[in-house]
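**Student:** Pasted the sequence and its predicted model underneath.
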Amino acid sequence: EYGDERDPEIRTYLESIAPVNNAHKISTPLFIVQGLNDPRVPASEAEQILAAVKKNNTETWYLLAKDEGHGFRKKNNRDFYTQSLMLFFEKFLLEPAE
């Protein structure tokens, strides 16, 4: 998608934009959602960025669906994700009730 990583110039560029190499810049709460069977983005990559962002003392939430791939297809998982996302929004985006 971004070019041939075997090309040194492209490789340097890809390393410069890699999320894990920029984790120190992330200071807002982060919600990572991952399917364990994702063929495009291995769960280990999600866990790497999670660990890197936690080093900043940034609040992180991690939802790992053990029976999903790239995108949630099962209704129970989609429902749980939606509820989790609403809780995340409520905690970090809404003004506290008076």
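**Tutor:** Received it, and whenever you're ready, just let me know what you need.
**Student:** The most centrally placed residue in the chain in helix, strand or coil?
**Tutor:** Centroid-nearest residue in the chain: Ile32, 3.3 Å away (criterion: CA atoms, centre = their mean). Here Ile32 takes the strand state, with states given by DSSP: H, G, I helix; E, B strand; the rest coil.
**Student:** List the buried residues of the least confident helix or strand in the chain by mean pLDDT.
**Tutor:** One helix or strand of the chain scores below all others by mean pLDDT, DSSP states H and E: helix 8-17, with a mean of 94. Buried residues in helix 8-17, defined by neighbour count with 16 or more other CB atoms under 10 Å: none. From N, CA and C alone the C-beta is placed, and that goes for glycine too.
**Student:** same thing with stretch 85-93?
**Tutor:** Phe88.
**Student:** Let's see it as CSV, backbone CA atoms only.
**Tutor:** Extracted in CSV, the C-alpha atoms of stretch 85-93 (Å, rounded to 0.1, in the frame of the first residue of the first chain):
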residue,chain,number,x,y,z
LEU,A,85,-17.2,2.1,22.9
MET,A,86,-20.2,3.9,24.4
LEU,A,87,-18.6,3.5,27.9
PHE,A,88,-15.3,4.8,26.5
PHE,A,89,-17.0,7.8,25.0
GLU,A,90,-19.0,8.4,28.2
LYS,A,91,-15.8,8.4,30.3
PHE,A,92,-13.5,10.4,28.0
LEU,A,93,-15.7,12.6,25.8
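**Student:** Tell me how far the longest helix along the chain lies from the chain's centre.
**Tutor:** In the chain, ranked by residue count with DSSP state H as the criterion, the top helix is helix 75-92. On the basis of CA atoms, centre = their mean, to the nearest Å, helix 75-92 sits 14 Å off its chain's mean C-alpha point.
**Student:** Show residues contacting it.
**Tutor:** 28-29, 31, 33, 59, 61, 63, 65, 67-68, 72 (CB atoms under 8 Å, 6 or more residues apart in numbering).
**Student:** separation between Thr60 and Thr12?
**Tutor:** 28 Å (CB to CB, to the nearest Å).
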